[in-house]
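[1] compute the structure for the input listed below.
(one chain, ligands or ions: 1)
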Amino acid sequence: MKALYKEAGVLIYDNIVESWLIRKEAKRMQCRVIGMWGGFPKKNGPCSGYLIQHEGFSLLVDCGSGVLSELQNYIDLNDINHVILTHYHYDHFSDIGAYLFSRLVNTQLGRVDEELCVYGPADEAMQKQVEAIAHSRFDSFNEKSKLEIGPFSCTFMRNIHPVETYSIKIECDNKSMVFISDTCFTPELISFAANADLLITECSLYEGMNGEGSGHMTSEHAGILAAQSKAKKVLLTHLPHYGDLNDLVVSAKKQGNPNIELAKTGMLVEL
Ligand SMILES: [Zn+2]
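    Numbers count the residues shown, from 1 in each chain. Modelled structure (predicted):
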């Protein structure tokens, strides 16, 4: 597998990589972008989904529209037993129902014998949906929670968004990855993301737009967060379906952090 380039201690690979080899060989925490479109998927382009791995252990963060199909380019669905959902908007959770059903069928076929554990904000309807399917389990979290999932320590920050939504910090082997899910900009995000080895931040809007009503950030906000948190590597995600996406990067970099690029389906970042 060929590293495309290395910056700030973070290796970036192209997406033509045999995922089995990565899972067996990887000693470092790594993140694979499964999807990054905001609101709804593009043709062959899923919404929010990130595969976090360390020494063969896998955690999926968000399971938005299109994620379940794309995910299978990198890993067998039966090799993931833990899924965190940041909130219950379709672009972040709509594929979880299909994932639960796949676990039911694959358990009956003898292909897997572990539960699929789904974590999300407390929600009676979601809990019922998960627990109605055999071989699945639901646990809720909030801003006070610390979840230990395999090698990963997960902590949470409450976002500003029309429904209960959380950003997540995942720490492992003295490395940290922060995922800022849908939110308005708030200064508390800066301390939450401080010195992250990898910051993946929502960037739904172009500079000059107003995200306060919809609960989203502009590229200027994402740039301020990237610069002031001193994150070592930054990916812009939850991207809009209009305009020139490169303008988002140009705008964000103006705030002072040069290590910013667009998230892309298949991109692998090794921390
Ligand atoms: Zn969203």
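[2] which residues of the stretch 51-200 of the chain lie near the ion?
    Within the stretch 51-200 of the chain, the residues that sit near the ion (C-beta under 5 Å from the ion) are 91, 182. For the C-beta atoms, the positions are set from N, CA and C on the backbone; glycine is no exception.
[3] go again with 8 Å.
    By C-beta under 8 Å from the ion, the part of the stretch 51-200 of the chain that sits against the ion consists of 64, 87, 89, 91-92, 181-182.
[4] give me the buried subset of these.
    Buried by 16 or more other C-beta atoms under 10 Å: 64, 87, 89, 91-92, 181-182, out of those.
[5] select the longest helix from the chain.
    Ranked by residue count under DSSP state H, the longest helix found in the chain is helix 96-108.
[6] could you check how far that helix is from the centre of its chain?
    21 Å (C-alpha atoms, centre = their mean, to the nearest Å).
[7] residues of that helix that come out buried?
    Neighbour-count burial for helix 96-108 flags 96, 99-100, 102-103, 106-107 (criterion: 16+ other C-beta under 10 Å).
[8] could I get the residues of the stretch 51-200 of the chain next to the ion as a markdown table with distance to residue 142, secondary structure and pLDDT?
    Formatted as a markdown table, those follow (distance: C-beta to C-beta, whole Å; DSSP: H, G, I helix; E, B strand; the rest coil; pLDDT from 0 to 100):
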| residue | distance to residue 142 | secondary structure | pLDDT |
| --- | --- | --- | --- |
| 64 | 21 | coil | 98 |
| 87 | 12 | coil | 98 |
| 89 | 18 | coil | 97 |
| 91 | 22 | helix | 97 |
| 92 | 17 | helix | 98 |
| 181 | 14 | coil | 98 |
| 182 | 17 | coil | 97 |
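[9] picking that back up, out of the buried ones among the residues of the stretch 51-200 of the chain next to the ion, which is nearest to residue 138?
    residue 87 (14.7 Å; C-beta to C-beta).
[10] centroid-nearest residue for the protein?
    residue 50 (3.9 Å; C-alpha atoms, centre = their mean).
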